[in-house]
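Undergrad: Could you look at this predicted model? Sequence included:
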Amino acid sequence: MSNAISRELNETLQAGTPFFTFMTNSEWSRRAGEEGICDFVTGEPHEMPLEGYVAALAKWSRPADPHWFGYKTSEPDACAVVAESLQARLGARFRPDEIFMTNGAIAGLILALRAVVDPGDEVIFLSPPWFGYEPMIRGRGAVPVRVKLDPPLFDLDVSRVAAAITERTRAILINSPNNPTGRIYTSAALTELAAVLEEASVSNGRPVYLISDEAYSRVLFDGNEFFSPATHYPRTLLIYTYGKTLLTPGQRLGYIALAPGMPDAKEVSGAVFMSQIQTGWAFPNALLQHALGDLDKLSIDLTALQRKRDVMAEALRSFGYELTIPQGTFYLLVRSPDPDDMAFIDALSRRDIFVLPGTTTELPGWFRISLTASMEMVERSLKGFEAALREV
C-alpha cells in the first residue's frame, strides 16, 4: 500500500469516529462480556455452538495423510462442495475452478476489490451500510460513492444508482439481505440494476463489476426467498461467509464465487488468486476446508431466531417504538424515540441494555438490535426498553 493510500485510509478510519469510538471507548466497550447485561450490539454468539459443528471439527481433525495440515489454497473438495451448494440454492451452475476459499467475507470483500478495482476508480455502495465498506474501498485507493436508501423500507433504488455512475465507476457493492436494514432486494430490482450496469460497461468502454455481499443469504425469515445478483448479472463476484449461518464468526471460512458466464473469468480468477498470495496467504485453514462437506449442511435454528425477532418486535411496538421487520439477517432496526440516538443509547445502557447506535451505520436517529442474544436476554430487556421510552 502506497504512503498516500495509507494516509487516506488512516484519515478515513479516524473520521469514522462514531463506530470506532463506540467499539473502543463506550460504556458497552467497557462492559462487554459482563454477566447480567443484555448485549444486543454485535452478531456475537451468546449460547453454546452447534453440536454438529463441534463434531465435524473433531471428525476432520484426524489426519488422513502427511499433508493434511500442510499449505492449502482453495481445496478442490471444498470448492466442489460450494459449487453444489450454490446450484442447489440458486439454481445456477457455478464452476469449482472459479470458486476461491477465503478467511470469511471480510477477506473476500478485500480480495474482490483488489481483483477488479484500480486506485482512482469509483466504487458505489448503498447507505445505510455495514461499517467496513468505505474503509475497504479507500484502502484500495479507490473513491467511495454513497447512494442513500430511504427509510422505512430501504428498498434498492436503481435510479439513484444510475445517477451515481460516472466514467470512473468500476464496481458497485451490494449487500442483501442487508445489514443493518434486513431488506432483501427483489429479482425485479436486480434485473433493472443489471441492465444499468451493462449499459454503463458499454458506455465506459470497460466492465463495471458487481460485488455481492451475501453473508446473510441463508438467514431468512417468514419463508422469504433470496435473489442473488450472480444469477442476474454475469460480472458479479459473490462473497459468502459461513460465520453467520453457523454463528461462528471466529472461525474464518468463506468464499468468492464468480458468476456463471463471467466474460473475463480467467483474468479475474488470476487476479483473485494473486491477491490471496499477496495479502498474506488469504486462504482458510486446512481443517475448516476438510470439514466443509459437513459444515455446509448445518445451520443455526432459524425458527428460534425468528421467534426472538417476533417477541422483541411485538413488545417494542406495544410500547410505542417504530421499527422495521427484517426479511433476513440477525438484526432489528428501531427508530430512536430521541432523535439523538447516542443519548438514547445512554438511557438504555443505564438499564444494562446495549444496542448499536444508528450513527455508527450512517443512520442517525435509529439503533440496531442483534437477535443473536439469548431469549433470556430478550425477555429480561423488555422492561428496560419500556422504561427508557417513558423517560424520553
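TA: Perfect, thanks for sending it. Bear in mind the structure is a predicted one, so any value in this text is a computation, not a measurement.
Undergrad: okay but Gly261 is in contact with Tyr233, surely?
TA: No - Gly261 is beyond contact range of Tyr233, at 10.1 Å (criterion: Cβ atoms under 8 Å). Any C-beta I mention is one placed from the backbone N, CA and C, and that applies to glycine too.
Undergrad: out of these two, which sits in the busier spot?
TA: Legend: neighbour count by other Cβ atoms under 10 Å for Gly261 and Tyr233, higher for Tyr233 (25 against 12).
Undergrad: what about Met377, distance to Gln251?
TA: Distance, Met377 to Gln251, by Cβ to Cβ, to the nearest Å: 23 Å.
Undergrad: Same check on Gln289?
TA: To Gln251, Gln289 is 12 Å away according to Cβ to Cβ.
Undergrad: and if you look at Met101?
TA: Applying Cβ to Cβ, the value for Met101 to Gln251 is 13 Å.
Undergrad: Could you do Gly36 as well?
TA: According to Cβ to Cβ, Gly36 and Gln251 sit 28 Å apart.
Undergrad: With neighbour numbers in mind, choose between these two.
TA: Shown here are Gly36 and Gln251; by other Cβ under 10 Å, Gln251 has more neighbours (21 against 8).
Undergrad: thought the more buried one was touching Leu288?
TA: Yes - here Gln251 reaches Leu288: they are 6.4 Å apart, a contact under Cβ under 8 Å.
Undergrad: who touches both of these two?
TA: Any residue near both Gln251 and Leu288 by Cβ atoms under 8 Å, 6 or more residues apart in numbering counts here, and not one turns up.
Undergrad: residue ranges for the strands of the stretch 251-392 of the chain, please.
TA: Ranges of strands within the stretch 251-392 of the chain are 254-258, 322-324, 331-335, 353-357, 366-370, based on DSSP state E, counting those that start in this stretch.
Undergrad: How confident was the prediction at Asn224?
TA: Note on Asn224: pLDDT of 98.
Undergrad: Over to it. Which of the three states is it?
TA: Classification of Asn224 by DSSP: H, G, I helix; E, B strand; the rest coil places it in coil.
Undergrad: neighbours of the closest residue to it other than its chain neighbours, just the number please.
TA: Of all residues not flanking Asn224 in the chain, Gln327 sits nearest, at 4.8 Å (Cβ to Cβ, 6 or more residues apart in numbering). Look at Gln327: counted by other Cβ under 10 Å, it has 20 neighbours.
Undergrad: need the strands for the stretch 51-200 of the chain, in chain order.
TA: With DSSP E, counting those that start in this stretch as the criterion, the stretch 51-200 of the chain has strands spanning 99-102, 122-127, 143-148, 169-175.
Undergrad: Switch these over to TSV; also include mean pLDDT.
TA: Putting these into TSV (pLDDT from 0 to 100) gives the following:
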stretch	mean pLDDT
strand 99-102	98
strand 122-127	98
strand 143-148	98
strand 169-175	98
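Undergrad: Please identify the deepest-packed of those strands.
TA: strand 99-102 (a mean of 26; mean count of other Cβ atoms under 10 Å).
Undergrad: distance from the centroid: which residue in this protein tops it?
TA: Computed with Cα atoms, centre = their mean, the residue of the chain farthest from its C-alpha average is Pro66, at 36.1 Å.
Undergrad: residues in contact with it?
TA: Contacts of Pro66 by Cβ under 8 Å, 6+ apart: none found.
Undergrad: So that it lines up with my notes, have the first residue be 780 from now on.
TA: That works, and once the first residue is 780, the last one we named lands at Pro845.
Undergrad: And it, its phi and psi?
TA: With angles defined as degrees, to the nearest 10, Pro845 sits at phi -60, psi -20.
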